[in-house]
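K.L.:
coords below, sequence missing:
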């Protein structure tokens, strides 16, 4: 089953999300270079702290804690040590371009936690076949937002429509690793509806996905979260559809993939006309 990931530093929300069926809580400590890359976009540059990670880890019962750090830098060892002390089950490395960077990061972690390389640059995608063979790599996550920007594309789901994700998924699975990618909207919502993205996860063999900001209407805490959605109900819809899709014939996946390609093409064409 696909593991649902929620990005939050709110303790009450993390505990609530776990009770609703979220399997992973994601605390985001990435700062370096993010404003320059995404400051002009409607994307969240988080203000999470290592203290948030520590508090959340103490309260989680079964959900795993992912901590995303900065790209490799002179302070990376201190950042890794702090994340491990906070109880991170997995540490995520963003914005690398070469396998050598992942190798260096793995040596800093030294087996003390799982490591998830976040493939979100063209260089990282090109180096994927080497990255998946590195000892200590737990799994791979593909970040469609930064990846499409780095590749000069105009819409984040283009790599899903143009075959790049198919190729990457094959490389990862051939190495015996699990992977996840992108974000998912609610069932029936989003420029590319949540159920269509879910079908692509099932088709490709993905095992994890981040609940997008549109999924919870950009809620930051419990006060707005419960007003904006019934999390248990929305997750149940996705889970029910996932079960149905796993039993569907290949022809249905092909049909949905073609619909996604058509949808992406229309969105890209619309952006080009502006």
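P.N.:
On my side now, so go ahead. What you see is a predicted model, and the numbers here were worked out from it, not measured in a lab.
K.L.:
need the contact partners of the helix ranked longest in the chain.
P.N.:
Among the segments of the chain that qualify as a helix by DSSP state H, the longest is helix 250-272. Applying Cβ atoms under 8 Å, 6 or more residues apart in numbering, the contact partners of helix 250-272 are 154-155, 157-158, 160-161, 191-192, 196-197, 199-200, 202-203, 245. Using the backbone N, CA and C atoms, a C-beta is placed for each residue, glycine as well.
K.L.:
and if we set it to 7 Å?
P.N.:
If you take Cβ atoms under 7 Å, 6 or more residues apart in numbering as the criterion, helix 250-272 is touched by 154-155, 157-158, 160-161, 191-192, 196, 199-200, 203.
K.L.:
which entry within the residues you listed corresponds to the minimum pLDDT?
P.N.:
Lowest pLDDT among the contacts of helix 250-272: residue 191, with 89.
K.L.:
how many other residues sit next to it?
P.N.:
Residue 191: 14 surrounding residues under other Cβ atoms under 10 Å.
K.L.:
contacts only, for it.
P.N.:
Residue 191 neighbours (Cβ under 7 Å, 6+ apart): residue 267.
K.L.:
mind checking the SS state of it?
P.N.:
The assignment at residue 191 comes out as coil when based on DSSP: H, G, I helix; E, B strand; the rest coil.
K.L.:
do a quick rundown of the strands in the stretch 51-200 of the chain.
P.N.:
Listed from the start of the chain, the stretch 51-200 of the chain has strands (DSSP state E, counting those that start in this stretch) covering 64-68, 90-93, 114-119, 139-142, 178-184.
K.L.:
format those strands as CSV; extra columns: distance to residue 223, mean pLDDT and mean neighbour count.
P.N.:
Below are these laid out as CSV (distance: least, Cβ to Cβ, whole Å; pLDDT from 0 to 100; neighbours: other Cβ atoms under 10 Å):
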stretch, distance to residue 223, mean pLDDT, mean neighbour count
strand 64-68, 23, 99, 23
strand 90-93, 28, 99, 24
strand 114-119, 30, 99, 23
strand 139-142, 29, 99, 23
strand 178-184, 23, 97, 23
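K.L.:
export these to CSV and append columns for distance to residue 10.
P.N.:
Formatted as CSV, the strands of the stretch 51-200 of the chain follow (distance: least, Cβ to Cβ, whole Å):
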stretch, distance to residue 10
strand 64-68, 14
strand 90-93, 19
strand 114-119, 22
strand 139-142, 22
strand 178-184, 18
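K.L.:
can you list the weak-confidence ranges in this structure?
P.N.:
For the chain, residues meeting the criterion pLDDT under 70 lie at 34-45, 272-274.
K.L.:
helices along the stretch 101-250 of the chain, start to end?
P.N.:
Ranges of helices in the stretch 101-250 of the chain, per DSSP state H, counting those that start in this stretch, are 122-126, 128-131, 144-150, 158-161, 164-174, 194-204, 222-228, 231-246, 250-272.
K.L.:
between those helices, which one is nearest to residue 99?
P.N.:
Smallest distance to residue 99 across those (Cβ to Cβ): 4.1 Å, for helix 128-131.
K.L.:
and the closest one, how far out from the chain's middle?
P.N.:
Centroid separation for helix 128-131 versus its chain: 18 Å, with Cα atoms, centre = their mean, to the nearest Å.
K.L.:
list the buried residues of that helix.
P.N.:
By neighbour count with 16 or more other Cβ atoms under 10 Å, helix 128-131 contains the buried residues 128, 131.
K.L.:
what of stretch 223-238?
P.N.:
So, applying 16+ other Cβ under 10 Å, buried residues of stretch 223-238: 225, 229, 231, 234-235, 237-238.
K.L.:
can you redo those residues as JSON lines with distance to residue 267?
P.N.:
JSON lines is the format used below for those (distance: Cβ to Cβ, whole Å):
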{"residue": "225", "distance to residue 267": "28"}
{"residue": "229", "distance to residue 267": "24"}
{"residue": "231", "distance to residue 267": "27"}
{"residue": "234", "distance to residue 267": "23"}
{"residue": "235", "distance to residue 267": "26"}
{"residue": "237", "distance to residue 267": "24"}
{"residue": "238", "distance to residue 267": "22"}
